[in-house]
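J.: below are the sequence and a predicted model for it; my questions follow.
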Amino acid sequence: MRNQYLLCLGASGTPFLDAFFTVSGGFLLLSLAPQFNLSTWSAGAYGTSYLFGVMAGSFLVSAVSKKLKTENIYFLSPLAIFILLLSQVLFDSFFYLLAARFLFGFFIGSDYPISQVFFSSQCHTSFKAKGLTLLMSSWYWGAIFAILVFWFASLFSVSSEILLAAPALIPLVVLLTRLPYFSSTSKTSQKSSKNVSSSPISKSWSKESLLNLGFLCAFWTCQCIPVTVILLFGPSIMEALGFSGSGSFFQLSVTYIFFFIGSSCSYLIIDKCTRKFLALITFALMTLCLIPLLWADSLSLLIIVFAFIGYAASYGLQTTLDYVYPNEIFEVKIREQAIGVLTCVTRFVSGLSAFFFPYFLSKFSITSIILAAVFILTIGFFSTYLFAPVDACSKND
């Protein structure tokens, strides 16, 4: 079992780094905006560049997964991120930082489907669902770690150059945890290339698989648009809701902690209820928790805190399905493609929402934005009710 956890640790580096880059973007903007005199559109581009990078990397893997040596990406992605992080201190240019952020997303996006498929194909069947929940929980570890890093940085007035380069230690650790599995990854890749035909997607995919892909695109999109805005622009949202200074850090920290608590609790219940029931109940809870924020102007800050706690815990419970669903309902021969397509579609939509959010926040009230989030979550609930598989089952492991 110890080897299973080491395997999980190596694969969890991708969601951990994804969370760190997603959350740190909002804090970096607070220091980069005055330094480079950024407009709202430039700020939106900075947040969006990472998401579009993830989309591009995921698209590459989903389009040419049968021709790639996936073990190269699994080990070279953290190395490339390590080099990019260090290189940021050498260039005093916002455009370089913008390009680097896109490349961070590109390497994370290309690694996402590969690390998940490698983990699910190498771990014991009895450990798979719980292991995938641990992978999802590592995303919240990354978010909490980013909050702590920037909180300490604000206390000690750390320069933006150090903040840009110091996280290079993270991908280095990820690379070291993956090295023991290099030969296993290579063998898995070779085995996959022998078993998978070179037929186009229309012939490789059954009608059931395409319908499941459509459902998961809708499921992920409705789930991720509201939370992407919260994660990328959390400080701005907290200020709009009445928090300031250390209060904003406190509220964000509480929110991310309950993201993690919800995800951790799913480890205990993932095998005790159907996937569809978990998706429905969490969509309903997220919607109900955001509704009181429509009257945020007349609410106490304590009620707002509890509303975000409820939303975060419910979202944390649901997001384990982001990993469990694709690895259970898609066959091994199309799983990399499926996860690549899903990541590509949802990051494209999230990227658009992130790009336009600073503009919307300057033109509309925070109440209008919360109303849009409630509407999106409601669509997620009904699409799940109508189209989700009754229960997921493992395909050809």
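T.: On my side now, so go ahead.

J.: can you map out the helices along the stretch 101-250 of the chain?
T.: Under the criterion DSSP state H, counting those that start in this stretch, the stretch 101-250 of the chain contains helices at 125-155, 160-165, 169-178, 182-195, 201-204, 207-232, 234-240, 246-269.

J.: where among these is average confidence lowest?
T.: Among the helices of the stretch 101-250 of the chain, helix 182-195 has the lowest mean pLDDT, at a mean of 52.

J.: so which of the helices of the stretch 101-250 of the chain is nearest Met55?
T.: For Met55, the closest of the helices of the stretch 101-250 of the chain is helix 207-232, at 12.1 Å, according to C-beta to C-beta. All C-beta atoms are positioned from the backbone trio N, CA, C, and that covers glycine.

J.: now the angle from that closest one to helix 125-155?
T.: Relative orientation of helix 207-232 and helix 125-155, computed by axes from the mean of the first three to the mean of the last three C-alpha atoms, to 10 degrees: 20 degrees.

J.: who does helix 207-232 touch, helix- and strand-wise?
T.: helix 13-36, helix 275-290, helix 301-329, helix 332-363, helix 366-387 (3 or more C-beta pairs under 8 Å, 6 or more residues apart in numbering; DSSP states H and E).

J.: Met55: which of the ones you listed is closest?
T.: helix 332-363 (4.1 Å).

J.: buried residues, the closest one. List them.
T.: Residues of helix 332-363 classed as buried by neighbour count (16 or more other C-beta atoms under 10 Å): 332-358, 360-361.

J.: returning to that earlier point: now tabulate the helices of the stretch 101-250 of the chain in a markdown table and tack on distance to Gly53 and mean neighbour count.
T.: What follows is these, written out as a markdown table (distance: least, C-beta to C-beta, whole Å; neighbours: other C-beta atoms under 10 Å):
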| stretch | distance to Gly53 | mean neighbour count |
| --- | --- | --- |
| helix 125-155 | 17 | 20 |
| helix 160-165 | 16 | 16 |
| helix 169-178 | 15 | 18 |
| helix 182-195 | 23 | 14 |
| helix 201-204 | 23 | 12 |
| helix 207-232 | 14 | 20 |
| helix 234-240 | 20 | 20 |
| helix 246-269 | 22 | 19 |
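
J.: which one of those lies nearest to Ser77?
T.: Closest among the helices of the stretch 101-250 of the chain, using C-beta to C-beta: helix 169-178, at 8.0 Å.

J.: identify the residues contacting that closest one?
T.: Helix 169-178 is touched from outside by 6, 9-10, 13-14, 16-17, 20, 74-75, 78-79, 81-82, 85, 185, with contacts defined as C-beta atoms under 8 Å, 6 or more residues apart in numbering.

J.: for Ser365, state which of these is nearest.
T.: Phe20 (30.9 Å).

J.: thinking again about what came up before, PyMOL command to pick out the buried ones of the contacts of helix 169-178?
T.: Selection of buried members from the contacts of helix 169-178 for PyMOL, criterion 16+ other C-beta under 10 Å:
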select buried, resi 9+10+13+14+16+17+20+74+75+78+81+82+85+185
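
J.: flag the least confident of the contacts of helix 169-178.
T.: Lowest pLDDT among the contacts of helix 169-178: Thr185, 51.

J.: which residue packs closest to Ile379, ignoring adjacent ones?
T.: Counting by C-beta to C-beta, 6 or more residues apart in numbering, Ile379 lies nearest to Cys222, which is 5.3 Å off, once chain neighbours are set aside.

J.: the one you found reaches Phe375, doesn't it?
T.: No. Using C-beta atoms under 8 Å, Cys222 is not in contact with Phe375; the gap is 9.6 Å.

J.: for Tyr46, list the residues it contacts.
T.: Gly25, Leu28, Leu29, Leu32, Leu38, Leu97, Leu98, Arg101.

J.: what helix or strand is it on?
T.: helix 40-64 (DSSP states H and E).

J.: tilt between that helix and helix 207-232?
T.: 150 degrees.

J.: for helix 40-64, buried residues please.
T.: 40, 42-62.

J.: then stretch 319-332?
T.: Using 16+ other C-beta under 10 Å as the test for burial, stretch 319-332 gives 319-330, 332.

J.: could you measure from Trp141 over to Tyr325?
T.: Noted for Trp141: a distance of 21 Å to Tyr325, by C-beta to C-beta, to the nearest Å.

J.: and for Leu301?
T.: Applying C-beta to C-beta to Leu301 and Tyr325 gives a distance of 36 Å.

J.: show me what contacts Thr14?
T.: Ser77, Ile108, Asp111, Tyr112, Ser115, Val174.

J.: kindly report the same for Ala80.
T.: Ala80 sits next to Leu103, Phe107 when contact means C-beta under 8 Å, 6+ apart.

J.: dump stretch 382-392 to PDB, keeping only the CA atoms.
T.: Taking C-alpha atoms only, stretch 382-392 is exported to PDB below (Å, rounded to 0.1, in the frame of the first residue of the first chain):
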ATOM      1  CA  PHE A 382     -30.800  19.800 -14.100                       C
ATOM      2  CA  SER A 383     -28.300  18.600 -16.700                       C
ATOM      3  CA  THR A 384     -27.000  16.100 -14.100                       C
ATOM      4  CA  TYR A 385     -30.500  14.900 -13.200                       C
ATOM      5  CA  LEU A 386     -31.400  14.400 -16.900                       C
ATOM      6  CA  PHE A 387     -28.200  13.000 -18.400                       C
ATOM      7  CA  ALA A 388     -25.800  11.600 -15.700                       C
ATOM      8  CA  PRO A 389     -25.200   7.900 -15.800                       C
ATOM      9  CA  VAL A 390     -27.200   6.100 -13.100                       C
ATOM     10  CA  ASP A 391     -24.000   4.800 -11.700                       C
ATOM     11  CA  ALA A 392     -20.400   4.700 -12.900                       C
END
